[in-house]
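# could you look at this predicted model? Sequence included:
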2 protein chains.
Amino acid sequence: MPMKPLNELTASEIVTAIAAKQTTAEAVARACLDHIDAREPHVEAWHFLDPDLVIKQAQALDASGNVGPLQGVPVAIKDIIDTCDMPTEYGTPIHKGHRPRIDAAVVALTRRAGGLIMGKTVTTEFANRFPGKTMHPRDPARTPGGSSSGSCAAVGDNMVPLGVGTQTTGSTIRPAAFCGCVGYRPTWGDIRCHGVMEAAGSLDTVGLIARSVEDIALYRDVLLGVSPRPLAAKVIDPPRIGFCRTPFWDQCEYYVQRALENCAAGLAKQGAKVSDVTLPGDFKKIDDAHRWVSSFEFACNRTWEIEHHYEMISQTLRDNRLKDGLACSFEQYRDARSFLARMRRKLHDIFNDYDVLLAPSAAGEAPIGLNHTGNASHCVLWTSTHVPCMTLPLFAGPNGLPVGAQLVAARNNDRLLFEAARWVLAQYA
Amino acid sequence: MPMKPLNELTASEIVTAIAAKQTTAEAVARACLDHIDAREPHVEAWHFLDPDLVIKQAQALDASGNVGPLQGVPVAIKDIIDTCDMPTEYGTPIHKGHRPRIDAAVVALTRRAGGLIMGKTVTTEFANRFPGKTMHPRDPARTPGGSSSGSCAAVGDNMVPLGVGTQTTGSTIRPAAFCGCVGYRPTWGDIRCHGVMEAAGSLDTVGLIARSVEDIALYRDVLLGVSPRPLAAKVIDPPRIGFCRTPFWDQCEYYVQRALENCAAGLAKQGAKVSDVTLPGDFKKIDDAHRWVSSFEFACNRTWEIEHHYEMISQTLRDNRLKDGLACSFEQYRDARSFLARMRRKLHDIFNDYDVLLAPSAAGEAPIGLNHTGNASHCVLWTSTHVPCMTLPLFAGPNGLPVGAQLVAARNNDRLLFEAARWVLAQYA
């Protein structure tokens, strides 16, 4: 039997234990439900969770006799992602009671692999800025980050081993870093968004949250619809790492700057080829271009809600994203989009010299306050350039809360990103 | 009063006539309904049409006193696009009776502009190859093309002035050409697909069908969510036209080849700078790359239906798109996707010397038979390279049926495409 409580196992450990008949999907589900029962009042990660439905799913998985690649693994699904047997409300009272007809592609692929859909997790309003009820698992006065607030809090608190979020700005990496998780945003376009509410399609991706890099690699393959290929047993040779302070370095807390500088120096001592990367000056303008692209697309996508339920939209959303989007001309949008395409090509060339870049995941520990979700500037560069990135829970801040390091790889190099992340983690083991 | 019957007016003519109080939305709607009543048994363009709901909408539009940019214009919506007041069944019995909660972005934007959603038009199964019931408006033994079969047949038959379709392979341009319409596929990414069933997201666009280029320009602006800017009153100077026989030229009927060659020569005589363009040899491979990209994404997107209702999926879909998609490895998909990205950049450079390319829209007239939708190879090049294109009903085939000419512009040059199309049409007036 595994030594850890079942709710603390990783997805890979659960699959192995179930395959070895050391436990069952039902036992794992019950352990997670018990933990949620105790902790949910202090976290409020869940928008919908029906314990009976969870146990029913778990018993069906056990009865099936299958051992899928995610057999019996409980998964938290952000509530902007459609589920056919649970409500999906997109973080807004406008869609209260909505029950989609079918599962989103990622949900159907999770079930096909034997995964157990635990419930729906809290999202900000339409995956934008206006927060939901979730609190940081280690300090209820602090934000868990957003917009994938509930999925990150649930994984960080050991309620489930895997969570699905999305990222259009910093909605997976930032809350995953705040909650001490491994968070992953894939190469844009790899994982299908069918059945996921579109915020801004030219930037949206699904995001994955876990407590190990191996689990991320496993779940990614499941969501690509292919047979999982384990990461190489031996970690790769020391990677070529570009230490990238980014144009937003001065927005980082001093302890984030120190932690990353020490990390870069430490990894170099362990044999990594580490050098500084300074992004060309126009990368600073990515923040602004991202704003126009995401706002223009977001406002178009919310036309039905604007026309029918404007009074139920938060003032935060009206005064920021919607205002920007409705004010933006098509030409301004198109020019911003073309600018981002040029930045993608520039960044691609930079990756000739590096396997991964090392950069901040967020400005600091999760900030105090539940009326915001923190600064997302440290994610915008990578979101806008469509490259895969991952936050690793390497550091602690002055309050003992998690601080992440972000690794970024070239487009299509997601597996290399995972290998490099494992190498970095091994130096901290 | 306009001289033409109301159902034969273009969208722009309807808006003008309503603004001048020469007619009403209700009168236009009734004229369209009468024509549909007479013709529908011979065309079967509609999957859902409720005359009472149409009249109710029309009366509400007249009562509103607004004059939106599409005020009172009846629009046909392909039945893979969500409508909150009508069923949306995606061309499959699996989704019989499905009623979405909200309108797709394009539907909500149409209504905001004063457009009248006439009904839902027949699509092939999941916008793929297995055809619906629609017949060619001029010959019931022939296919109207697919997958936007109903929208193109309805516009071609003067049932409505505007139709919305989609295109992942050739699903707007091909049926629009067969049915004698102006068909337009926009620059990929311009028009939001929120609420449109995803076939293969990296290729999908909404497509527009009309009977004039001005209507397409008007409707595009509405769907971009911006104030319509009319095309310049005077047509542009003669455009620089690249006559592009494409690698699929030998799949064209002789009369298509002759018609296009005569067209190119004729336009040169009218002052256009016409020269031959030969695409580099690797453009031939686009067909194959498109197949893997579209199939891989399509199969992922249909996971729920495959898991729950495989027996209700047509043999055609199982044996082609789904089989390909499920057999394709992620690496093969990714390599094909990267290849298409390279072809996009190559094509972009070719456009340095041309305003538009002139190419076939389809292999010939609509072919006989209702168990297929015709050859789509003549669209795959442009679909895969994300460029805007338009089919113009310039020619007739040996049976007197429409044959289209396709104009193609560089990415983001949709307005230039419209101007060039107007210039070409003016030479045929």
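Yep, it's here. Residues are numbered from 1 along each chain as shown, chains lettered A, B, ... in the order given.

# buried residues, stretch A:359-379. List them.
Within stretch A:359-379, the residues scored as buried using 16 or more other Cβ atoms under 10 Å in any protein chain shown are A:359-367, A:370, A:372-379. For the C-beta atoms, the positions are set from N, CA and C on the backbone; glycine is no exception.

# just the mean pLDDT for that stretch, thanks.
Mean per-residue pLDDT for stretch A:359-379: 93.

# what's the end-to-end length of it?
Taking Cα to Cα, to the nearest Å as the measure, stretch A:359-379 stretches 10 Å from start to finish.

# sitting in strands, which of the buried residues of stretch A:359-379 do you find?
Secondary structure assignment by DSSP state E places A:359-360 of these in strands.

# of the buried residues of stretch A:359-379, which are in range of chain B?
Applying Cβ under 8 Å from any Cβ of the partner chain, the subset of the buried residues of stretch A:359-379 adjacent to chain B is empty.

# tell me how many other residues crowd whichever residue of the stretch 1-150 of chain A sits closest to chain B.
Nearest residue of the stretch 1-150 of chain A to chain B, counting by Cβ to the nearest Cβ: residue A:108, 3.8 Å away. Applying other Cβ atoms under 10 Å in any protein chain shown, we find 27 residues neighbouring residue A:108.

# what helix or strand does it sit in?
helix A:105-112 (DSSP states H and E).

# hmm, who's touching that helix?
A:68, A:70, A:75, A:77, A:81-84, A:102-103, A:117, A:164, A:191-196, A:206, A:222-223, A:225, B:300-301, B:303-304, B:307 (Cβ atoms under 8 Å, 6 or more residues apart in numbering or on different chains).

# now which of those residues would you call buried?
Members of the contacts of helix A:105-112 classed as buried by 16+ other Cβ under 10 Å are A:68, A:70, A:75, A:77, A:81-84, A:102-103, A:117, A:164, A:191-196, A:206, A:222-223, A:225, B:300-301, B:303-304.

# next, the angle helix A:105-112 makes with the host helix or strand of residue A:223.
In the assignment (DSSP H and E), residue A:223 maps to helix A:213-224. Counting by axes from the mean of the first three to the mean of the last three Cα atoms, to 10 degrees, helix A:213-224 lies at 110 degrees to helix A:105-112.

# tell me which strands the following helix or strand past helix A:213-224 pairs with, and in which orientation.
Next along the chain after helix A:213-224, taking DSSP H and E as the criterion, comes strand A:240-244. Paired strands of strand A:240-244, with direction, are strand A:273-277 (parallel), strand A:356-360 (parallel) (DSSP bridges).

# make a markdown table out of the ones you listed and add distance to residue B:397.
Output for these, formatted as a markdown table (distance: least, Cβ to Cβ, whole Å):
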| stretch | distance to residue B:397 |
| --- | --- |
| strand A:273-277 | 60 |
| strand A:356-360 | 57 |
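
# out of those strands, which gets nearest to residue A:10?
strand A:356-360 (22.4 Å; Cβ to Cβ).

# what does that closest one contact?
Contacts for strand A:356-360 (Cβ under 8 Å, 6+ apart): A:239-246, A:248-249, A:252, A:256, A:260, A:263-264, A:267, A:274, A:277, A:378, A:381-382, A:404-409, A:416-417, A:420-421.

# spit out the contact partners of the residue nearest the centre of chain A.
A centroid search over chain A (Cα atoms, centre = their mean) returns residue A:172, at 2.7 Å, as the residue closest to the centre. Counting by Cβ under 8 Å, 6+ apart, residue A:172 makes contact with A:148, A:152, A:165-166, A:183-185, A:207-209.

# still on that earlier bit, can you tell me which of the strands paired with strand A:240-244 is most buried?
strand A:356-360 (a mean of 27; mean count of other Cβ atoms under 10 Å in any protein chain shown).

# which residues of chain A score low on pLDDT?
Chain A contains residues with pLDDT under 70 at A:1-2.

# output the longest helix belonging to it.
The longest helix of chain A (DSSP state H) is helix A:330-350.

# buried ones in it, by neighbour count?
A:330, A:333-334, A:336-337, A:339-340, A:343, A:347, A:350.

# return the member of these nearest to chain B.
Checking the buried residues of helix A:330-350 one by one against chain B (Cβ to the nearest Cβ), the nearest turns out to be residue A:330, at 4.8 Å.

# hmm, that closest one is touching residue B:224, no?
Yes - Residue A:330 is within contact range of residue B:224, at 5.0 Å (criterion: Cβ atoms under 8 Å).

# sorry, back to before: okay, and which of the contacts of helix A:105-112 map to helices?
A:222-223, B:300-301, B:303-304, B:307.

# what would those look like in JSON lines with distance to residue A:425?
Listed next are these as JSON lines, based on distance: Cβ to Cβ, whole Å:
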{"residue": "A:222", "distance to residue A:425": "22"}
{"residue": "A:223", "distance to residue A:425": "22"}
{"residue": "B:300", "distance to residue A:425": "30"}
{"residue": "B:301", "distance to residue A:425": "34"}
{"residue": "B:303", "distance to residue A:425": "32"}
{"residue": "B:304", "distance to residue A:425": "35"}
{"residue": "B:307", "distance to residue A:425": "35"}
